[in-house]
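> Provide a 3D model corresponding to the input given below.
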Amino acid sequence: MQKIDAQLHIYGDGNFVQQTQQLIEKNNLQHKVLLKGKVLPAELDAITKQAYIGVNLVENNGLNQYYSLANKFFDYMHALLPQVTMNFPEYKRINEYSEVAILLDDLQIDTIVNAINLLLTSTEKYSLLQANCAKAREQFNWQVEEKKLIEFYKNPLG
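A predicted model of the protein is given here:
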């Protein structure tokens, strides 16, 4: 965040909240990195719609992370929020359908900084991803997925 001209709001908590708070203080980033704590899903939806960029960074610590799709990926998409996320297979598959994110091959500081700064400075790239979110959310939503799930349960053996 030292190389990014924006604030980062982090919602929720987890195993590394204390370490994160220590890093924020150590690097004097209290004005740029704000730990907001837990919020209710309905509140988070409203907050997400007010954000400018979504960030979804995951370490590749096993197949569970590598093949996962975080709920926030879809929350960002439905809020028309361009995002920075991992170049993992499922994110890549959706991004090939409709580019909604900048995909990262690694979690190096410069890689993350460059991606976020691109979205902060390139109105062309930002607008493209935002427009693509509108297209993608028509395909990736519960109304479409529920039909697939019902069909699957009707005929589970093909």
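> report the residue ranges of every domain in the chain.
1-38, 51-154 (automatic domain parsing).
> just say which of the ones you listed is most tucked in.
domain 51-154 (a mean of 15; mean count of other CB atoms under 10 Å). Heads up, the C-betas are built off the backbone N, CA and C, glycines and all.
> measure that domain end to end?
40 Å (CA to CA, to the nearest Å).
> on that earlier part again, and of the domains of the chain, who's closest to residue 44?
Nearest of those to residue 44, taken as CB to CB: domain 1-38 at 6.1 Å.
> quick one: the strands in this structure?
For the chain, the strands defined by DSSP state E cover 8-11, 33-37, 54-56, 83-86, 101-104.
> would you format those as CSV with distance to residue 25 and mean pLDDT included?
Converted to CSV, the strands of the chain look like this (distance: least, CB to CB, whole Å; pLDDT from 0 to 100):
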stretch, distance to residue 25, mean pLDDT
strand 8-11, 14, 96
strand 33-37, 10, 96
strand 54-56, 21, 97
strand 83-86, 25, 98
strand 101-104, 26, 98
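> to residue 116, which of the ones you listed lies closest?
Closest approach to residue 116 among these is made by strand 83-86 (5.8 Å; CB to CB).
> just put the domains of the chain in TSV and tack on distance to residue 44.
Putting the domains of the chain into TSV (distance: least, CB to CB, whole Å) gives the following:
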stretch	distance to residue 44
domain 1-38	6
domain 51-154	8
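> quick check: which of the ones you listed is nearest to residue 45?
domain 51-154 (7.1 Å).
> so what's the gap between the closest one and the chain middle?
6 Å (CA atoms, centre = their mean, to the nearest Å).
> middle-most residue in the chain, spatially?
residue 56 (3.6 Å; CA atoms, centre = their mean).
> so who does it touch?
Residues near residue 56 by CB atoms under 8 Å, 6 or more residues apart in numbering: 70, 72-73, 76, 83-86, 101.
> what do you get if the cut-off is 6 Å, keeping everything else the same?
By CB atoms under 6 Å, 6 or more residues apart in numbering, the contact set of residue 56 is 70, 72-73, 83, 85.
> can you tell me which two in those residues are farthest apart?
70 and 83 (10.1 Å).
> who touches stretch 12-29?
The contact list for stretch 12-29, computed with CB under 6 Å, 6+ apart, reads 1, 30, 33, 38.
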